[in-house]
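>>> prediction below, plus the sequence it came from.
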Amino acid sequence: MPETRPQPRGVLLVDKPRGMTSHDVVARARRALDTRKIGHAGTLDPMATGLLMLGVGPATRLLTYVVGLGKTYEATIRLGVSTDTDDADGAEVNRVDATVITDDRIRSGTAALKGEISQVPSTVSAIRIGGKRAYDLARAGEHVQLAPRAVTVDRFDIVAMRRGAGVVDVDVVVDCSSGTYIRALARDLGADLGVGGHLTALRRTRIGPFAVEDAVADIEPGVALRAAAGVASEVLGAFAVSVGEARDLRHGKRLIGAASRLTATTAAAIAPDGSLVGIVERRGDDVKSAMNIPADES
């Protein structure tokens, strides 16, 4: 019988270059790793660079738990120019001299956008409306009306400000909850200051505990993947189980009375051999599986 080639499995941190879509990165990884089963967590626009997390093989199941993690971005906001996409890829729709705005007013404007805020996503976001992406509808000329959503901006720090030719470029660092649109922050800051604004640069530097410094810029055949067990443990914390408990969890059985060993509501169940059994959750005094990874795929 022909030898079966082991399929790649794990998580890959990629430093996405400008000009590529997240789907382009996935396609490149599929070619390099010679597998179709690859997904990503947290879309980055073509204009954006930085950290993109790919799940490979059974590790794609972990992406559900990665998407909701907090994120850090480095960005440049240009005040004085508005575009139809709220970023540099769009067409200019309005221009106002922003150099009359003082530094203190700009600092006050960013401060007002910190904390729990209500944000209307950009019309060219990846949000689905009736099964279609908002950006596809907008680019087709259809009117797109998105509902405001609650997001949290923990940090909106100004790093530098540069003035010239009627505009002010503001370099910022943003720590925010999942679902926050940095383009919308740029738009809203400009609107609040009365001069308009858009994003000219965006780089994601962190997703939860994972940093862009640990990512690869080039996806080549044989690139090393992070073990699913390690990634899941970093995100959710580890819950050690015995061989028998691992078998029971994979068969859909509860671990009776095991909830006292959990330090959180959800955790990564790790077998004695270090493999990921799956994600478990507390159910009263018991522990049950929320997501399993078969033993031969861990």
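Good, I have the coordinates.

>>> can you map out the helices along the chain?
Remark: helices assigned in the chain by DSSP state H are 22-33, 63-67, 103-112, 134-139, 182-193, 228-236, 243-250.

>>> so which of those helices is the most surrounded?
helix 182-193 (a mean of 23; mean count of other C-beta atoms under 10 Å). Every residue, glycine included, has its C-beta placed from N, CA and C.

>>> could you give the angle of that one to helix 103-112?
In terms of direction (axes from the mean of the first three to the mean of the last three C-alpha atoms, to 10 degrees), helix 182-193 departs from helix 103-112 by 130 degrees.

>>> ok, residues contacting helix 182-193?
Identification of contacts with helix 182-193 by C-beta atoms under 8 Å, 6 or more residues apart in numbering yields 45, 73, 75, 77-80, 82, 85-87, 98, 101, 105-106, 109-110, 112-113, 119-122, 153, 156, 170, 174, 176, 196-199, 202.

>>> PyMOL command to pick out the buried ones of those?
Buried residues within the contacts of helix 182-193, by 16 or more other C-beta atoms under 10 Å, are selected in PyMOL with:
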select buried, resi 45+73+75+77+78+79+80+82+85+86+87+98+101+106+109+110+113+119+121+122+153+156+170+174+176+196+197+198+199+202
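
>>> filter the contacts of helix 182-193 down to just the ones in strands.
73, 75, 77-79, 82, 119, 153, 156, 170, 174, 176, 197-199, 202 (DSSP state E).

>>> thinking T180 is in contact with V153, fair?
Yes: with contact defined as C-beta atoms under 8 Å, T180 counts as touching V153 (6.4 Å).

>>> which residues do these two both contact?
With C-beta under 8 Å, 6+ apart, T180 and V153 have common neighbours V174.

>>> mind listing what's buried in stretch 33-50?
Buried residues in stretch 33-50 (16+ other C-beta under 10 Å): L33, I38, G39, H40, A41, G42, L44, D45, M47, A48, T49, G50.

>>> now the end-to-end length of it.
21 Å (C-alpha to C-alpha, to the nearest Å).

>>> for L276, which of the helices of the chain is the nearest?
helix 228-236 (3.9 Å; C-beta to C-beta).

>>> check the gap between the nearest residue to R163 once chain neighbours are set aside and A165 for me.
Sequence neighbours aside, T99 is the residue nearest to R163 in space, at 5.3 Å (criterion: C-beta to C-beta, 6 or more residues apart in numbering). Remark: distance between T99 and A165 (C-beta to C-beta, to the nearest Å) = 9 Å.
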